[in-house]
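Asks: kindly return the folded structure for what I paste below:
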Amino acid sequence: MHSRARTATLRLSGIIVLGTLTVLIARAQQPPPPAPPPASSTRPPENNEQGLRPLTPEEIPPNLNFYAMDPLYKPGTPLGWATERIRETLDRGLVAIAGEAGQVYLSWRLLDSDPATVRFNVYGTSSAGEVKLNATPIVATTDFVDPGAAQNRATAWRVSAVVNGRELPASPSERWTGAPLNGYKAIALREDVGSVDRVAVGDLNADGAYDFIVKHPAGSVDPGRQVPSKDSYKIDGYDGKTGAFLWRIDLGWNVNHGIWFSPMIVRDLDGDGRAEVCLRTAPYAATREQALDGGKGFVLQGPEYLSVYAGDTGREIAKVDWIERGRPEDWADHTGNRSSRHMLGIAYLDGKTPSVLVVRGTYGLMKVDAWTLRGGALQRIWRWTNERQPFKYQGQGQHSIKVGDIDGDGFDEILNGSIAIDNDGRTMWGTGMGHGDRFYLSDIDPGRPGLEVWYTIEDPHPQNGVSLWDARTGTLLFGTSEPNRDNQIAGGLASDIDPAHPGMEVWGDKFFFTAQGQVMPGPVPPQNELVWWDGDLLRELHSRGAISKWKGSALGRTEGAVHQVADLFGDWREEIVTFANGELRVYSTRLRATDRRITLMQDPLYRNDVTHRSMGYPHVPLPGYYLGVPVPGAHRPTVRRGNRPQP
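Replies: Sure thing, here's the model as predicted:
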């Protein structure tokens, strides 16, 4: 019995040894376990400021153990390639408008390249030949009335610059041929265009005149309300001089039919004199059934791109990945609403080279990519993100962006809503006030140095829901002492409309202030559109088709939905672009000017504002200097090319 027991023990030991070897071999064949997540600590890790560090298990953004302002910043990154500033080359923009009793009103541009002493002669051509219409060279304004146009049966007019007493040779761009406009320039759109979503302007063919880029049909799909798209966007180009149709881009059914899915901007990116068209795109689907969502009509999957198209042909010349979508939860919801907030912009980050800004996110996580175009290829300059920043910098987006030189260094900075981003991609300041629908950047108070920002905030606050801030430092200057409810404040405007108070007036919702924060007596002005239309420096109200002075008389009317307000031709005063009865209408004033000013489109901030009107919510443009009734002792901005202060 003892021997049997010993034998059994030996056999059992063999089984144990064999089992141990089997387990060891199996463990050796398994992959190593994943590295444990970073352990919690009371001090930031060494890599906290260098890149996006892995988060610990208890960190759920934006609740982080340790924050970092700009972990993606790379010192010394080149911000552009141009040796001198890339700018539009504009012609005189001569326009002829029919007046009363057979008269014809003529108006043209003053350019920032013109000598300060430049004067002008005006000529009219009829069957009897060409004759000079002015007795002495025109110096006070850049407009003129031909009183005998009907009697002389004039068919063409031209303007010539006079410098140092010598008339310069005429060029075709300084001539108007044909019948004068009857109040507006009409550009007939293609027959299948029944409505218009956005209109951009840019010189597509390098002829010195602005052309029109029309996105249609009007869209209504909002990321927060997942209703199916009823159509797909088409982008059409039209020649601004002749009205001729140039090309069409079809975005297809993988781009949802709403403004937040389809931002569009138009600018010359590579310096060839022809503007490029920038769009958010996706793989083309000709029908709803071919879309990546299987025909549901609301696409939240698949590749996304920044695509750049040649303005003269409509051909795609460059394409790169859009800011990645990630998971909906990364953007703080489960539906894809917050991850589907897209915008585009333009900025001269080095003061010379235009960069395309790609923006994703408004209400929580926010990211911005900056790209330059060179040799037909897009190169990313930097990325800004708030994903490691404290709560004050979360959900600070607005429904547009502002881009201008806010600190006087000659480079563009970016106001991504309530956050200021420096030209090198680093955060400058944030108000912490949250999201709003409208905001404006300009020299709102000329009595103090620098620019100011007028914010109208949609988020609820016990005070300062509408407020004015110093653009360079982010310092609060004044605001309302009253509380505002969530979603109470939607509109807002800023311009000089009342000569009794120095600087611009600012308003939004029920709030109305002077530039110094004095409460203005009501009623609050309409919050639709503004336009420089008559001869003085006060800006006119444009509401429901009526152009009028604040508390004053009517000056004119327009018809159709407004899509741009900008100085597109003629003197420095603005045109109004509408869509009505199958055509674009470009309304222009024929009220006499009282002074002359460089075209507003050569001011960098104003030009950027016009560019950004074709995406996001519409804002009226403002220049980077104070334009209003002169203020005694006002601060004078720094003089530089392309942003010349006005007398």
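
Asks: element containing T473, please.
Replies: Using DSSP states H and E, T473 sits within no helix or strand.

Asks: ok, now how distant is it from G503?
Replies: Going from T473 to G503 by Cβ to Cβ, to the nearest Å gives 19 Å. Where you see a C-beta, it was placed from the backbone N, CA and C, and this is true even at glycine.

Asks: please apply the same query to T578.
Replies: 30 Å.

Asks: also Y393?
Replies: 30 Å.

Asks: how about T142?
Replies: According to Cβ to Cβ, T142 and G503 sit 26 Å apart.

Asks: what of G447?
Replies: Taken as Cβ to Cβ, the span from G447 to G503 is 6 Å.

Asks: mind checking which of those two has more residues around it?
Replies: More neighbours surround G503 than the other of G447 and G503, with 22 against 15 (other Cβ atoms under 10 Å).

Asks: nearest residue to that one other than its sequence neighbours?
Replies: A515 (3.0 Å; Cβ to Cβ, 6 or more residues apart in numbering).

Asks: mind listing what's buried in stretch 219-233?
Replies: For stretch 219-233, the neighbour count (16 or more other Cβ atoms under 10 Å) marks G219, V221, P223, Q226, S229, D231, S232, Y233 as buried.

Asks: same question, stretch 523-536
Replies: Here stretch 523-536 shows P525, P526, Q527, N528, E529, L530, V531, W532, W533, D534, G535, D536 as buried, counting by 16+ other Cβ under 10 Å.

Asks: any chance of those in TSV, with distance to G102, secondary structure and pLDDT too?
Replies: Output for the buried residues of stretch 523-536, formatted as TSV (distance: Cβ to Cβ, whole Å; DSSP: H, G, I helix; E, B strand; the rest coil; pLDDT from 0 to 100):
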residue	distance to G102	secondary structure	pLDDT
P525	37	coil	97
P526	36	coil	96
Q527	40	coil	95
N528	35	coil	95
E529	32	strand	97
L530	32	strand	98
V531	27	strand	98
W532	27	coil	98
W533	23	coil	98
D534	23	coil	97
G535	22	coil	94
D536	27	coil	97
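
Asks: tell me the two of these that are most distant?
Replies: Using Cβ to Cβ, those reach their maximum pairwise distance at Q527 and G535, which is 25.1 Å.

Asks: re earlier: tell me how many other residues crowd the residue nearest to G503.
Replies: Neighbours around A515, by other Cβ under 10 Å: 27.

Asks: contacts only, for it.
Replies: For A515, the contacting residues are I444, D445, P446, G447, E452, L468, H501, P502, G503, M504, E505, V506, by Cβ atoms under 8 Å, 6 or more residues apart in numbering.

Asks: generate a ChimeraX selection restricted to the buried subset of the residues you listed.
Replies: ChimeraX command restricting the contacts of A515 to the buried ones, with burial defined by 16+ other Cβ under 10 Å:
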select :444,445,446,452,468,501,502,503,504,505,506
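
Asks: out of the contacts of A515, who's nearest F261?
Replies: Among the contacts of A515, and counting by Cβ to Cβ, the member closest to F261 is V506, at 31.7 Å.

Asks: any idea what that closest one is bridged to?
Replies: A494, F513 (DSSP bridges).

Asks: ok, it touching F513?
Replies: Yes - taking Cβ atoms under 8 Å as the definition, V506 is a contact partner of F513 at 5.3 Å.

Asks: so what's in contact with those two at the same time?
Replies: V466, L468.

Asks: quick one: average confidence on stretch 617-637?
Replies: For stretch 617-637, mean pLDDT is 90.

Asks: no wait, stretch 365-385
Replies: 98.

Asks: how long is that stretch end to end?
Replies: 8 Å (Cα to Cα, to the nearest Å).

Asks: and stretch 431-449, by the same measure?
Replies: In stretch 431-449, first residue to last residue: 20 Å (Cα to Cα).

Asks: which parts of it are buried?
Replies: 431, 433-446, 448.

Asks: ok, M504 - contacts?
Replies: S442, I444, D445, A494, S495, D496, A515, Y626, G628.

Asks: could you redo the last one with a cut-off of 6 Å?
Replies: Under the criterion of Cβ atoms under 6 Å, 6 or more residues apart in numbering, the neighbours of M504 are I444, A494, S495, D496, A515.

Asks: what is the neighbour count of the spatially closest residue to the fourth one that is not a sequence neighbour?
Replies: Just to be clear, that refers to D496. With Cβ to Cβ, 6+ apart as the criterion, D496 has its nearest non-adjacent residue at 2.8 Å, and that residue is G628. Number of residues near G628 (other Cβ under 10 Å) recorded here: 26.

Asks: what distance do you get for the residue nearest to D459 when sequence neighbours are not counted to A566?
Replies: Closest residue to D459 apart from its sequence neighbours, by Cβ to Cβ, 6+ apart: G434 at 3.5 Å. Counting by Cβ to Cβ, the gap from G434 to A566 is 30 Å.

Asks: pretty sure R383 is touching P71, no?
Replies: No - contact status for R383 versus P71: not in contact, 10.4 Å apart, counting by Cβ atoms under 6 Å.

Asks: export the buried residues of stretch 219-233 to a markdown table and tack on secondary structure and pLDDT?
Replies: Shown next, in a markdown table, are those (DSSP: H, G, I helix; E, B strand; the rest coil; pLDDT from 0 to 100):
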| residue | secondary structure | pLDDT |
| --- | --- | --- |
| G219 | coil | 87 |
| V221 | coil | 93 |
| P223 | coil | 95 |
| Q226 | coil | 88 |
| S229 | coil | 96 |
| D231 | coil | 96 |
| S232 | coil | 97 |
| Y233 | coil | 98 |
